[in-house]
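Peer 1: Coordinates for the following, if possible.
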Amino acid sequence: MLMKSRILLLSAASVLALSACNAKETAKPATPATDSTAAASTAVAATVDGVAIPQSTVDLMVKERTAQGQPDTPELRAAIIENLSMQMLVAAEAVKKGIDKAPETVRQMDMVKQSVLANAFVQDYIKNSPITDAMIDAEYKKMSEKAGGNEFKARHILVKTEAEAKSIIASITKDIKAFEKLAKAKSMDPGSKANGGDLGWFNPSGMVPEFGAAVAKLEKGKFTTEPVKTQYGYHVIVLDDSRPITPPPLEQVKEQIKQQLLREHMTKFFADLKAKAKIVVTGAPAPAPAAAAAADAASVAADAAAVSSSAASAAASAAAEAVPAK
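Peer 2: Below you'll find the predicted structure:
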């Protein structure tokens, strides 16, 4: 049962991902139907025992495949038609045997229907809840304010003991030019050791608190006169330069902000929806061996996380591509 559930969950993720591909087309302004478009909507790609496979169904599956990186080729379309034909033949045999009435089959078809409806709702939400330029500008302003302050260019030497750090401080007090050589010889930080301890430019908020605070207090060209203790050991730090943090231009991050805002809006909507609902778990799962139960629980949790991530990514991607800012 768990295996079947995982298959259905992943199918839902696939449908939601496909929504991002369809959104650009569905977001286009409606135009009056013409004879050609009406014909296209009723076009038949093939028939199986007299039952039509609509061209629109083939086109839908082609979009899904091309979204995954496959080129739209005659061979791909032929393969899709072949698969759909076989699917229709096998499904017809299932109906003849009454399998479509079996409780397990009905339950699975209901779950697929729910997945399609959920995907349709995501599409509708994206269409009717556009992320506007005003919303993006406000979020960019908040982001810029948070990014205020300075970033620093510094070097450091990381050692295991306080005594080692104090010895290094004594050496560079006599000759600051010895810092690079000491870093290459003594530092435990593999990322900066070969460069003489150079960390390049960084925001102190991205460092461990003790390190960031120590750098922020230094003057240009000065070094810490006492070892800076962090969870990694003891640091001796030299500040080479500092400059105000400049946020990236709005145009550079506009699409990212739009996607972020849509994710936040959808997350809140779904959380509110769940809060208003009455969800009652009426029975506990059947007992299983501890190891197997743990493995199944971890696997189902991972699949659920994948579906949630896919839904958010699909929605964000669709919003970025399909919903014009207003």
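
Peer 1: same for the top strand by length along the chain, what does it pack against?
Peer 2: Using DSSP state E, we find that the single longest strand of the chain is strand 233-244. Helices and strands touching strand 233-244, by 3 or more CB pairs under 8 Å, 6 or more residues apart in numbering; DSSP states H and E, are strand 150-159, helix 162-174, helix 209-217, strand 228-230. All C-beta atoms are positioned from the backbone trio N, CA, C, and that covers glycine.

Peer 1: Adding mean pLDDT and distance to Lys127 as columns, could you present the ones you listed in a markdown table?
Peer 2: Formatted as a markdown table, the helices and strands packed on strand 233-244 follow (pLDDT from 0 to 100; distance: least, CB to CB, whole Å):
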| stretch | mean pLDDT | distance to Lys127 |
| --- | --- | --- |
| strand 150-159 | 96 | 41 |
| helix 162-174 | 97 | 60 |
| helix 209-217 | 95 | 44 |
| strand 228-230 | 97 | 50 |
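
Peer 1: which is the next helix or strand following the longest strand of the chain?
Peer 2: As assigned by DSSP states H and E, the chain's next helix or strand after strand 233-244 is helix 250-276.

Peer 1: Show me what counts as buried in that next one.
Peer 2: Judged by neighbour count (16 or more other CB atoms under 10 Å), helix 250-276 contains these buried residues: Val253, Lys254, Glu255, Ile257, Lys258, Gln259, Gln260, Leu261, Leu262, Arg263, His265, Met266.

Peer 1: If I look at Glu180, what pLDDT would I see?
Peer 2: For Glu180, the model assigns a pLDDT of 96.

Peer 1: Same question for Ala304.
Peer 2: 38.

Peer 1: just Val236 next, same as before
Peer 2: For Val236, the model assigns a pLDDT of 98.

Peer 1: quick one: Gly148 and Gly206, what's the gap?
Peer 2: Applying CB to CB, to the nearest Å, the value for Gly148 to Gly206 is 15 Å.

Peer 1: Just send the helices and strands packed on strand 233-244 back as a markdown table, with distance to Pro130 and mean neighbour count too.
Peer 2: Shown next, in a markdown table, are the helices and strands packed on strand 233-244 (distance: least, CB to CB, whole Å; neighbours: other CB atoms under 10 Å):
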| stretch | distance to Pro130 | mean neighbour count |
| --- | --- | --- |
| strand 150-159 | 35 | 22 |
| helix 162-174 | 56 | 15 |
| helix 209-217 | 39 | 17 |
| strand 228-230 | 46 | 16 |
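
Peer 1: mind putting the ones you listed in CSV, distance to Met88 included?
Peer 2: Output for the helices and strands packed on strand 233-244, formatted as CSV (distance: least, CB to CB, whole Å):
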stretch, distance to Met88
strand 150-159, 62
helix 162-174, 74
helix 209-217, 63
strand 228-230, 65
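
Peer 1: burial measure for Val58, as a count.
Peer 2: By other CB atoms under 10 Å, the residues close to Val58 number 20.

Peer 1: Could you say which helix or strand holds it?
Peer 2: Assigning secondary structure by DSSP H and E places Val58 in helix 55-67.

Peer 1: could you point out which element follows that helix?
Peer 2: Heading C-terminal from helix 55-67, the first helix or strand you meet, by DSSP H and E, is helix 74-96.

Peer 1: Please identify the buried residues of that next one?
Peer 2: Leu76, Arg77, Ile80, Ile81, Leu84, Ser85, Met88.

Peer 1: tell me the angle of it relative to helix 55-67?
Peer 2: 120 degrees (axes from the mean of the first three to the mean of the last three CA atoms, to 10 degrees).

Peer 1: mean confidence for helix 74-96?
Peer 2: According to the model, helix 74-96 has a mean pLDDT of 95.

Peer 1: how far is that helix from where the chain is centred?
Peer 2: Distance of helix 74-96 from its chain centroid, counting by CA atoms, centre = their mean, to the nearest Å, is 34 Å.

Peer 1: In terms of residue numbering, what are the domains of this protein?
Peer 2: Domain ranges of the chain: 2-24+40-136+252-322, 149-244, per automatic domain parsing.

Peer 1: what's the least confident stretch among these?
Peer 2: Note on the domains of the chain: domain 2-24+40-136+252-322 shows the lowest mean pLDDT, a mean of 77.

Peer 1: Just send the domains of the chain back as JSON lines, with distance to Lys142 too.
Peer 2: Shown next, in JSON lines, are those (distance: least, CB to CB, whole Å):
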{"stretch": "domain 2-24+40-136+252-322", "distance to Lys142": "10"}
{"stretch": "domain 149-244", "distance to Lys142": "15"}
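
Peer 1: That'll do, ta.
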